[in-house]
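Undergrad: Build me a structure from this.
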Amino acid sequence: MTRCNGLCGINPRRKRVGQDHEWWLSHWSARTATPLDREASLAWYHEYSVDPELALKSWDRLAKSARTSKPPRMSDHFAFLQWWEPVALLSDPGRLQANAKGLVSKGVELVEASLGSRNLNLHRAIAGYEAALRVYTEQEFPRDWAGTQNNLGIAWSDLPISDRSENLRRAIGYYEAALRVYTVRDFPQDWAMMQNNLGVAWNDMAVGGRSENLLISSQVSRHMR
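TA: From the prediction side, this is the model:
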């Protein structure tokens, strides 16, 4: 029996494209000297084209390592974010789920980025999350959908400009939406996280009755006890 390398059962043109990506992956990997050089980014692009799940795990590890090192290597972290520029996320109907996962991972790191325009980074993260929701529907992927709602809430609550109160209202709407999936019975830890995020958002509201906002925040906090 002939072994299959993952390219079996697909049309010849797509198979040839996959083989080309494998060749270039091998080519650039052999020329990579450091995780941050141009050759490494090119190798990763072709790795993503061959095996997006494996490539995403590699990228997540690199980005998180740079962000959480002591001291943080935020210039390296920002460089890793640029690796996504040539990747046409959500353009391949055969890889929509993998690409949606990539959009969320990229969004999380954009929210954490300390270099570049904070406002632009957050808007790019929001756009990525919204695009991911074209795949992560509440009906088909409820937990991924709820997690992306939470991510949208965090991004909107962190926006540094525009109407702060309106941004927080949007964040609260996303947190409350996530609670449709994150119930205290089915996902107690995620439910508690949503209660915390809601409490913080209500506490930060700058308009409306300040005492009313604090009352809502305290009521949400009591739900967590």
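
Undergrad: Buried residues in the top helix by length along the chain, which are they?
TA: As assigned by DSSP state H, the longest helix anywhere in the chain is helix 12-30. For helix 12-30, the neighbour count (16 or more other Cβ atoms under 10 Å) marks Gly18, His21, Glu22, Trp24, Leu25, Trp28 as buried. Where C-beta positions appear, they are placed from N, C-alpha and C, glycine not excepted.

Undergrad: mind listing the helices for this structure?
TA: Going by DSSP H, the chain shows helices at 12-30, 38-50, 52-68, 74-82, 96-112, 118-132, 142-158, 164-178, 188-204, 210-223.

Undergrad: what's the longest helix of the chain packed up against?
TA: With contacts taken as 3 or more Cβ pairs under 8 Å, 6 or more residues apart in numbering; DSSP states H and E, helix 12-30 sits against helix 38-50.

Undergrad: Pull the helix it packs on out as PDB, backbone CA atoms only.
TA: As requested, C-alpha coordinates have been extracted for helix 38-50 and formatted as PDB (Å, rounded to 0.1, in the frame of the first residue of the first chain):
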ATOM      1  CA  ARG A  38      14.300  36.800   7.200                       C
ATOM      2  CA  GLU A  39      14.900  33.200   6.300                       C
ATOM      3  CA  ALA A  40      13.000  32.000   9.400                       C
ATOM      4  CA  SER A  41      10.000  34.100   8.500                       C
ATOM      5  CA  LEU A  42      10.000  32.800   5.000                       C
ATOM      6  CA  ALA A  43      10.300  29.200   6.200                       C
ATOM      7  CA  TRP A  44       7.400  29.700   8.600                       C
ATOM      8  CA  TYR A  45       5.200  31.100   5.800                       C
ATOM      9  CA  HIS A  46       5.700  28.000   3.800                       C
ATOM     10  CA  GLU A  47       5.300  25.800   6.900                       C
ATOM     11  CA  TYR A  48       1.900  27.500   7.400                       C
ATOM     12  CA  SER A  49       1.000  26.800   3.800                       C
ATOM     13  CA  VAL A  50       1.900  23.100   4.300                       C
END
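
Undergrad: What is it packed up against?
TA: Helix 38-50 packs on helix 12-30, helix 52-68, going by 3+ Cβ pairs under 8 Å, 6+ apart.

Undergrad: Let me know which of the ones you listed is the nearest to Gln189.
TA: Gln189 sits nearest to helix 52-68 of all the helices and strands packed on helix 38-50, at 20.3 Å, using Cβ to Cβ.
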